[in-house]
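Novice: how would this look folded up:
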Amino acid sequence: MGKNIVNVALFGLGRIGQMHAQNLISHPKFKLISVYDINKNLSKKLSKKFKCLNIENPNIAMKDKKTDLIFIATSTSTHLKFIEQAVKNKKIVFCEKPLDLNLEKIEKCKRKIKKYNPKIQIGFNRRYDPGHRLLRKNLLKGKIGNLEKIIITSRDPSPPSINYLKTSGGIFKDMMIHDFDLARYYAGKDEFKSIFATGSNLHDKKFNKINDFELASCVLKTKKGIQCIITNSRHCSFGYDQRVELFGTKGMLVSDNKRETETTFYSGNSTNNKSKLLNFFIERYSEAYKLQLEDLFMMHSKNQKPLANFEDGRKSLALAQKAILSVKSKKFEKIKLI
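Specialist: Numbers count the residues shown, from 1 in each chain. All right, here's what the predicted structure looks like:
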């Protein structure tokens, strides 16, 4: 279609895929024209709900001249295959994170698609959060002077299912990868040169059985010496805890949690009582997901480089792999992002 409307084929109709479908349908600049899922019954059912074509073979969308965008929300192991096929067929691409769990496969894909000058956006939704973006905007304006420290807290209300965890790649590649990307977003061209990581299981012993962690922390340092501290937890009793702090020579910037309401209660017995934190990532980052689509549209219509691209996906996975290596070696590991 013309550059005013983007025709979309959505691959993957799990929880995140269905959320993306709803956002695409409600956006005036996108038209969901087809869906595909390995679960054929689910795909057929949801194609009726979304009033679009159900396709049983992804190649149909790849070869369809009306399809502008391949929107990949399938299982991680299929991402690179679909990216390569889409790029070869001159489609623009959105792909959920992570690109893959294997850095060598990502590097191989990078070499394969380079000649096609691909247009690819990666689903690092936190870059699009208004609060998180405002931090970077004010940082670039010099509001806090020179950046010295980045502190990122990310805690889920409860862990995913055991079946999901088994194939997720672990806390560093599945969960903390968002924070690695956000840290790079703030550090800018000053890439990280070293990392120390550690993990623990204190509450939920099922993580021991799958060689994963419920708690993880990292300390990173850039080439210029900026420090970054990231803390993750797969469980949090008070909700979805998402905070970012940037500390500089002239001040500090904070992007705080979002709550059910912004009211605060004061009484004779207590003060500063606030409402609960939002308890689900789709709610917490609902606005970010919509702004992500705006960026995707600009990539399509104006040939604008997306805020989160293939290289960001590759480099964040590289940091995750170094974190895993650090856990095993129990020492700082050197990073060389090229």
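Novice: what's the longest helix that the chain contains packed up against?
Specialist: Counting by DSSP state H, the longest helix found in the chain is helix 310-329. Judged by 3 or more CB pairs under 8 Å, 6 or more residues apart in numbering; DSSP states H and E, the packing partners of helix 310-329 are helix 103-113, strand 120-122, helix 171-174, helix 176-187, strand 192-200, strand 215-222, strand 333-334. In this view, the C-beta of every residue, glycine as well, is placed from N, C-alpha and C.
Novice: Kindly reformat these as TSV containing mean neighbour count, distance to residue 143 and mean pLDDT.
Specialist: Formatted as TSV, these follow (neighbours: other CB atoms under 10 Å; distance: least, CB to CB, whole Å; pLDDT from 0 to 100):
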stretch	mean neighbour count	distance to residue 143	mean pLDDT
helix 103-113	16	35	98
strand 120-122	26	28	98
helix 171-174	25	31	98
helix 176-187	24	13	98
strand 192-200	19	23	98
strand 215-222	21	20	98
strand 333-334	12	32	98
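Novice: Let's have those in TSV, adding distance to residue 320.
Specialist: What follows is those, written out as TSV (distance: least, CB to CB, whole Å):
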stretch	distance to residue 320
helix 103-113	9
strand 120-122	14
helix 171-174	4
helix 176-187	5
strand 192-200	9
strand 215-222	10
strand 333-334	12
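Novice: To residue 26, which of those lies closest?
Specialist: Proximity to residue 26, assessed across the helices and strands packed on helix 310-329 by CB to CB, is greatest for strand 120-122 (18.7 Å).
Novice: Other residues contacting the closest one?
Specialist: 83, 87, 92-97, 99, 292, 295-296, 299, 306-310, 312-313 (CB atoms under 8 Å, 6 or more residues apart in numbering).
Novice: got it, and stretch 164-176?
Specialist: By CB under 8 Å, 6+ apart, stretch 164-176 touches 75-77, 98, 101, 154, 156, 159-160, 197, 199, 206-207, 210-214, 216, 218, 230, 232, 234, 317, 320-321, 323-324.
Novice: tell me the mean pLDDT for the helix or strand hosting residue 22?
Specialist: If you go by DSSP states H and E, residue 22 is part of helix 15-26. Mean per-residue pLDDT for helix 15-26: 96.
Novice: What number of residues are in the vicinity of residue 40?
Specialist: By the criterion of other CB atoms under 10 Å, residue 40 has 11 neighbours.
Novice: re the thing from before, nearest to residue 132, out of the helices and strands packed on helix 310-329?
Specialist: Per CB to CB, nearest to residue 132 of the helices and strands packed on helix 310-329: helix 176-187, 6.7 Å.
Novice: distance between that closest one and the chain's centre?
Specialist: 9 Å (CA atoms, centre = their mean, to the nearest Å).
Novice: Could you do stretch 92-111 as well?
Specialist: The answer for stretch 92-111 is 13 Å, by CA atoms, centre = their mean.
Novice: which residue lies farthest from the center of this protein?
Specialist: Farthest-out residue of the chain from its mean C-alpha position, per CA atoms, centre = their mean: residue 268, at 43.3 Å.
Novice: Which ones among the contacts of strand 120-122 map onto strands?
Specialist: 92, 93, 94, 95 (DSSP state E).
Novice: now those residues as TSV including pLDDT, neighbour count and distance to residue 124?
Specialist: What follows is the ones in strands among the contacts of strand 120-122, written out as TSV (pLDDT from 0 to 100; neighbours: other CB atoms under 10 Å; distance: CB to CB, whole Å):
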residue	pLDDT	neighbour count	distance to residue 124
92	98	23	17
93	98	24	14
94	98	26	11
95	98	26	11
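Novice: Nearest to residue 276 among those?
Specialist: Nearest to residue 276 among the ones in strands among the contacts of strand 120-122, with distances taken as CB to CB, is residue 94, at 31.8 Å.
Novice: my read: the closest one touches residue 74, true?
Specialist: No: taking contacts as CB atoms under 8 Å, residue 94 lies outside contact range of residue 74: 11.8 Å.
Novice: Give me the distance between the residue nearest to residue 221 when sequence neighbours are not counted and residue 67.
Specialist: Excluding its sequence neighbours, the residue lying closest to residue 221 (CB to CB, 6 or more residues apart in numbering) is residue 194, at 5.0 Å. Residue 194 sits 44 Å away from residue 67, going by CB to CB, to the nearest Å.
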